[in-house]
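Enquirer: No letters, just coordinates:
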């Protein structure tokens with residue numbers, strides 16, 4: 001896939017995005033792929049959670065795995081929302 005920036009590091013665990021499928025390799029689904037559609041305003045939300053334990057997630061985890069492991073361990077949470085206009 002051209003035109004994307006993949007960031008690889010070992011100091012955090014990265015989940016997959018909604019592009020994941022049997023035909024798409026996990027490496028392609030583990031980064032921010034840009035705005036879609038690229039010519040419209042976009043709402044971005046960042047959700048931050050304070051947990052009472054470390055989660056046992058593996059590289060390439062799915063969204064539902066994250067929320068399943070967080071269930072019952074959320075001490076507090078906050079959401080930051082912003083609109084990006086092209």
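Expert: The structure has been received and is ready for your questions. Keep in mind it's a predicted model, so treat the numbers as computed, not measured. Residues are numbered from 1 along each chain as shown.

Enquirer: where do the helices sit along the protein?
Expert: Remark: helices assigned in the chain by DSSP state H are 63-70.

Enquirer: so what strands line up beside the lowest-mean-pLDDT helix or strand in the chain?
Expert: The weakest-scoring helix or strand in the chain, judged by mean pLDDT, DSSP states H and E, is strand 42-51 (a mean of 90). Within its sheet, strand 42-51 is paired with strand 74-84 (antiparallel), according to DSSP bridges.

Enquirer: contact partners of the partner strand?
Expert: Contact partners of strand 74-84, identified using C-beta atoms under 8 Å, 6 or more residues apart in numbering, comprise 35, 41-52. C-beta: built from backbone N, CA, C; applies to glycine.

Enquirer: and that strand, average pLDDT?
Expert: Averaged over strand 74-84, pLDDT sits at 94.

Enquirer: hmm, back to that, relative to helix 63-70, how tilted is the least confident helix or strand of the chain?
Expert: 30 degrees (axes from the mean of the first three to the mean of the last three C-alpha atoms, to 10 degrees).

Enquirer: Okay, buried residues for strand 42-51 please.
Expert: Residues of strand 42-51 include none that count as buried (16 or more other C-beta atoms under 10 Å).

Enquirer: ok, and what's touching that strand?
Expert: Residues contacting strand 42-51 (C-beta under 8 Å, 6+ apart): 35, 70, 73-84.

Enquirer: Now tabulate the contacts of strand 74-84 in JSON lines and tack on distance to residue 61.
Expert: As requested, the contacts of strand 74-84 are exported to JSON lines (distance: C-beta to C-beta, whole Å):
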{"residue": "35", "distance to residue 61": "24"}
{"residue": "41", "distance to residue 61": "30"}
{"residue": "42", "distance to residue 61": "24"}
{"residue": "43", "distance to residue 61": "24"}
{"residue": "44", "distance to residue 61": "21"}
{"residue": "45", "distance to residue 61": "19"}
{"residue": "46", "distance to residue 61": "18"}
{"residue": "47", "distance to residue 61": "15"}
{"residue": "48", "distance to residue 61": "18"}
{"residue": "49", "distance to residue 61": "15"}
{"residue": "50", "distance to residue 61": "19"}
{"residue": "51", "distance to residue 61": "15"}
{"residue": "52", "distance to residue 61": "19"}
